[in-house]
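>>> just coords:
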């Protein structure tokens, strides 16, 4: 059987576009650098919720890779009567693996990742952060204070890098002992508005997260408002 075309395995050799930076950020959040069992081949595995499959489709399109996306079904951890649906994309190539390592990504990145934000070219750093946010960030509404709260999870060093790059007016960085990681939270309207403007650089992102900002702030991504 003919082997699928892997496409441009050196796609991440240079971070020279907002889309590429966004995808790098998403991989930093949800990707896994690993060895492929007995064969020892090195590469990338990216497993995400089935509802966000467009991320994997975009990655395949950008690389020009013909590898298929697999559907994964299993029981919910907290409720065995319900099923969870995920999709997985894998690309094993030592050059791709090496290029991703060059940015500071590691096989155990959730607990070892340094401030890799500084390894991304300055003009693309915010797009990288947005990709990470779409992969492992959240935006929720605080019912008591009627405000949005944005949060990221990761290592302390990496989250400090995000906070510095976003130039946050106010933030809360704390250790989440249950999840064995740190969380970065911000909520000031000026910071939320500034974060929303990052979307201007991209025409691809998770709209379900973006819409929470725009609905709450009552503005479009290409507009500005005075912070309260």
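Sure, I can see it. Everything numeric here is computed off the predicted structure, so don't read it as measured data.
>>> Which strands or helices does the helix or strand encompassing residue 29 pack on?
Counting by DSSP states H and E, the element that carries residue 29 is helix 18-30. If you count contacts as 3 or more CB pairs under 8 Å, 6 or more residues apart in numbering; DSSP states H and E, helix 18-30 packs onto strand 41-49, helix 53-63, helix 125-136. C-beta here means a position set from N, CA and C on the backbone, and glycine is covered the same way.
>>> Give me the contact list for the longest one.
Where contact means CB atoms under 8 Å, 6 or more residues apart in numbering, the residues beyond helix 125-136 that reach it are 15, 18-19, 21-30, 48, 55, 117, 120, 150, 152-154, 162, 165-166, 198-199, 201-202, 205-206, 209.
>>> In contact with residue 96, which residues?
By CB under 8 Å, 6+ apart, the contact set of residue 96 is 9-12, 43-44.
>>> What's the separation between it and residue 31?
The spacing between residue 96 and residue 31, counted by CB to CB, to the nearest Å, is 11 Å.
>>> Residue 46 too?
5 Å.
>>> same thing with residue 192?
Distance, residue 192 to residue 31, using CB to CB: 27 Å.
>>> okay, the contacts of residue 96 in a markdown table with neighbour count and distance to residue 184 next?
Output for these, formatted as a markdown table (neighbours: other CB atoms under 10 Å; distance: CB to CB, whole Å):
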| residue | neighbour count | distance to residue 184 |
| --- | --- | --- |
| 9 | 20 | 33 |
| 10 | 13 | 32 |
| 11 | 19 | 29 |
| 12 | 24 | 25 |
| 43 | 20 | 29 |
| 44 | 20 | 25 |
